[in-house]
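In: Below is the sequence, then the predicted model.
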Amino acid sequence: MEKTHPEVLVTGGTSGLGLAIARGFASAGYSVTAAGLGPLPEPEPGLGFRSLDVTDAAAIGALLAGFSSLTVLVNAAGVIRRGAELEPDVFAEVVDINLIGTMRVCASARPLLRESKGAIINIASMLSYFGGGLVPGYAASKGGIAQLTKSLAIAYAADGIRVNALAPGWISTPLTKDLREDEDRSAAILSRTPMGRWGKPEDLIGPALFLASEAAGFVTGTILNVDGGYAAA
């Protein structure tokens with residue numbers, strides 16, 4: 001049967017923020033493919049899972065070749081290697097996945113998104129704005145995501161493709177497990193967060209749906225903070 005729902009691809013969509021966003025789009029009636037590494041979850045209504053390594057351009061091309069159309073691309077694939085990123089090889093690996101991987105997927109998806117006049121949503125971070133002494137690769141890559149988002153918004157505007165990013169604050173995911181278990185670090189984060197709590201992955205769903213919708217039809221090149229007020233404090 002021919003699909004009638006707008007199609008969405010979420011990279012890094014098999015866990016954490018990406019999985020929450022993928023489920024949010026599926027619940028809103030989109031047909032969603034969530035792609036990532038590691039064990040794949042069981043399919044859910046409106047949501048299927050595929051393996052994808054965003055450092056492999058051929059694999060990205062092969063995955064997108066299976067799409068007849070694409071309305072929304074969410075780039076949520078990312079890693080963090082606290083402490084180890086001070087080593088140049090690990091730094092390069094993190095940047096390759098988080099930043100260059102995002103560019104690979106954007107470039108490969110551009111023809112499909114041009115046809116649909118679609119939207120790209122990248123995942124930035126509070127470390128797009130602030131440094132991280134133990135995570136220079138992650139911080140550099142997320143700073144790069146902010147600039148890549150703005151640059152592609154300009155480059156892709158003639159194609160009718162909007163490009164924006166979400167910058168999550170401190171969200172309860174596997175990537176922040178060590179921070180949440182460090183009482184002093186967690187207390188420092190919460191004391192600076194005006195809303196006084198760790199974010200939930202589901203907090204990203206509404207903002208993502210907005211950026212993908214016609215309600216955001218004149219919004220491009222924007223970094224939308226979803227941080228409980230952290231960056232404002």
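Out: Sure, I can see it.

In: Identify each buried residue in the worst-scoring helix or strand of the chain on mean pLDDT, please.
Out: Ranked by mean pLDDT, DSSP states H and E, the helix or strand of the chain with the weakest confidence is helix 177-181, at a mean of 88. Within helix 177-181, the residues that count as buried by 16 or more other CB atoms under 10 Å are Arg180. C-beta: built from backbone N, CA, C; applies to glycine.

In: May I have the lengthiest helix in the chain exported as PDB, CA atoms only?
Out: Secondary structure assigned by DSSP state H gives helix 136-156 as the longest helix of the chain. C-alpha atoms of helix 136-156 as PDB (Å, rounded to 0.1, in the frame of the first residue of the first chain):
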ATOM      1  CA  PRO A 136      36.300  19.400  23.700                       C
ATOM      2  CA  GLY A 137      35.300  17.200  20.700                       C
ATOM      3  CA  TYR A 138      31.600  17.300  21.700                       C
ATOM      4  CA  ALA A 139      31.600  21.000  22.400                       C
ATOM      5  CA  ALA A 140      33.500  21.800  19.100                       C
ATOM      6  CA  SER A 141      31.100  19.600  17.200                       C
ATOM      7  CA  LYS A 142      28.000  21.200  18.700                       C
ATOM      8  CA  GLY A 143      29.400  24.700  18.100                       C
ATOM      9  CA  GLY A 144      29.800  23.500  14.600                       C
ATOM     10  CA  ILE A 145      26.200  22.300  14.400                       C
ATOM     11  CA  ALA A 146      25.000  25.800  15.200                       C
ATOM     12  CA  GLN A 147      27.100  27.300  12.500                       C
ATOM     13  CA  LEU A 148      26.200  24.500  10.000                       C
ATOM     14  CA  THR A 149      22.500  25.000  10.700                       C
ATOM     15  CA  LYS A 150      22.800  28.700   9.900                       C
ATOM     16  CA  SER A 151      25.000  28.100   6.800                       C
ATOM     17  CA  LEU A 152      22.700  25.400   5.400                       C
ATOM     18  CA  ALA A 153      19.700  27.600   6.000                       C
ATOM     19  CA  ILE A 154      21.200  30.100   3.700                       C
ATOM     20  CA  ALA A 155      22.500  27.500   1.200                       C
ATOM     21  CA  TYR A 156      19.200  25.500   1.000                       C
END
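
In: Tell me how far the residue positioned nearest the centre of the chain lies from Leu190.
Out: When CA atoms, centre = their mean is applied to the chain, the residue found nearest the centroid is Ala76 (2.5 Å). As judged by CB to CB, to the nearest Å, Ala76 and Leu190 stand 24 Å apart.

In: for Thr102, same thing?
Out: Counting by CB to CB, the gap from Thr102 to Leu190 is 29 Å.

In: Quick check, pLDDT for Tyr138.
Out: Confidence at Tyr138, expressed as pLDDT, is 97.

In: what number of residues lie near the nearest residue to Leu127 once chain neighbours are set aside?
Out: In space, and not counting its chain neighbours, Leu127 is closest to Ala139: 4.2 Å by CB to CB, 6 or more residues apart in numbering. Ala139 has 22 neighbours, counted by other CB atoms under 10 Å.

In: residues in contact with Ala139?
Out: Ser125, Leu127, Phe130, Gly131, Gly132 (CB atoms under 8 Å, 6 or more residues apart in numbering).

In: Show the residue spans covered by the strands in the protein.
Out: 7-11, 31-36, 47-51, 72-75, 119-123, 162-168, 223-226 (DSSP state E).
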